[in-house]
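next one to model:
(one chain, ligands or ions: 2)
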Amino acid sequence: MFQLKNVTRRFGNRLAVDSVNIDIPQSQMVGIIGRSGAGKSTLLRMINRLADPSSGSIHFGDVEVSALRGQALRDWQRNCAMIFQQFNLVPRLDVLTNVMLGRLNHRPTALSLLNIFSRDERLMAIAALERLGIEQTAMQPAGTLSGGQQQRVAIARALMQNPKMVLADEPIASLDPLNAKIVMDALRDINEREGITVITNLHTLDTARQYCERIIGMAAGKVVFDGTPAQLTAAAVHEIYGSDKDGAGIDESMTSTSINVANLPTGELAPQSASLKPLTLAGI
Ligand SMILES: Nc1ncnc2c1ncn2[C@@H]1O[C@H](COP(=O)(O)OP(=O)(O)O)[C@@H](O)[C@H]1O
Ligand SMILES: [Mg+2]
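Residues are numbered from 1 along each chain as shown. Ligands and ions are numbered 1, 2, ... in the order given. Coordinates of the predicted model:
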């Protein structure tokens, strides 16, 4: 069980995250929604300890995550892999090396500095790329790939960390609908097959409804909704997103980039990307 207890983060006198209490059992797929500035990214960054709470505490089982230091902190960061909207790959390095960089926290510093990877690590990286259906890009510089391919490389890199949890900060906000679907399907696959907890910030409601068993709505740093897609009524949506200046309620379609590929012309469905390969990451 993963727990946030009264977690608060201030920037100056601004409350970015305000007394958040959340319990997340292992293997849940959780979507966090809310307006820009609601505190979603700050919340994820605190879970990964890229940012520290101003007050409150974060727990994973018996471990107080918010108190970890040194090697224990690095181990935690390896256990919760981050996926970012802008992929955060090293553009001039080839895809395979980018994926192997996910192993860095598993190995002695000297070997890491020299970028020396073992045969097993290479095989593991290739298996991860195969699983995401992009093994043919292994030798290309990562920066030459499309956005959707780059995000799949980032997911392959995350898998190399053998994470207990994947934290994704608007992973599909820069992608077209087809690639958005491929990336969300990949996150769901990791969640269902390996039982890895996935917590993802999403800018579209329909994606959260479609993929997440649990939706957390944030507004002005606070959790204002925590429930299933079915419980997310129009009134709850209104509380999360508020209404615009003229008093009109939010229209759900405003927060939607439809991920429904059935509406795409058939020519846009590249054969190799239409579904994820049903491979397991044995040994990873
Ligand atoms: N490093 C920072 N310095 C100052 N203010 C920040 C910083 N990061 C976030 N904030 C502020 O905290 C609030 C929440 O931001 P953020 O977590 O990025 O929201 P979201 O991801 O929901 O858009 C915003 O008001 C934002 O301006
Ligand atoms: Mg954000």
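
spell out, range by range, the helices that occur in the chain.
40-47, 70-79, 95-100, 109-113, 119-131, 147-160, 177-194, 205-211, 234-241 (DSSP state H).

show me which residues of the fifth one are buried.
By neighbour count, and taking 16 or more other C-beta atoms under 10 Å as the criterion, the buried residues in helix 119-131 are 121, 124-131. C-beta here means a position set from N, CA and C on the backbone, and glycine is covered the same way.

what residue, apart from its backbone neighbours, is nearest residue 180 spatially?
Closest residue to residue 180 apart from its sequence neighbours, by C-beta to C-beta, 6 or more residues apart in numbering: residue 172 at 3.8 Å.

tell me how far that neighbour lies from residue 34.
Relative to residue 34, residue 172 is positioned 16 Å away (C-beta to C-beta, to the nearest Å).

hmm, residue 30 is touching residue 196, no?
No. Assessed by C-beta atoms under 8 Å, residue 30 is found out of contact with residue 196, at 11.9 Å.

for the stretch 151-284 of the chain, which spans come out with low pLDDT?
Regions of the stretch 151-284 of the chain meeting the criterion pLDDT under 70 cover residues 244-284.

run the last query once more with 90
Residues of the stretch 151-284 of the chain meeting the criterion pLDDT under 90: 242-284.

check the stretch 1-150 of the chain too.
Along the stretch 1-150 of the chain, segments meeting pLDDT under 90 span 1, 101-121.

quick one: name the residues of it near ligand 2.
By C-beta under 5 Å from the ion, the residues of the stretch 1-150 of the chain that approach ligand 2 are 40-41.

for ligand 2, give me its nearest residue in the stretch 1-150 of the chain.
Residue of the stretch 1-150 of the chain nearest ligand 2, by C-beta to the ion: residue 41 (3.1 Å).

name whatever forms a beta bridge with the nearest residue to that residue once chain neighbours are set aside.
Among residues not flanking residue 41 along the chain, residue 169 sits closest, at 5.4 Å (C-beta to C-beta, 6+ apart). Counting by DSSP bridges, residue 169 forms beta bridges with residue 84, residue 201.

who are the neighbours in contact with residue 169?
40-41, 44, 82-85, 200-201 (C-beta atoms under 8 Å, 6 or more residues apart in numbering).
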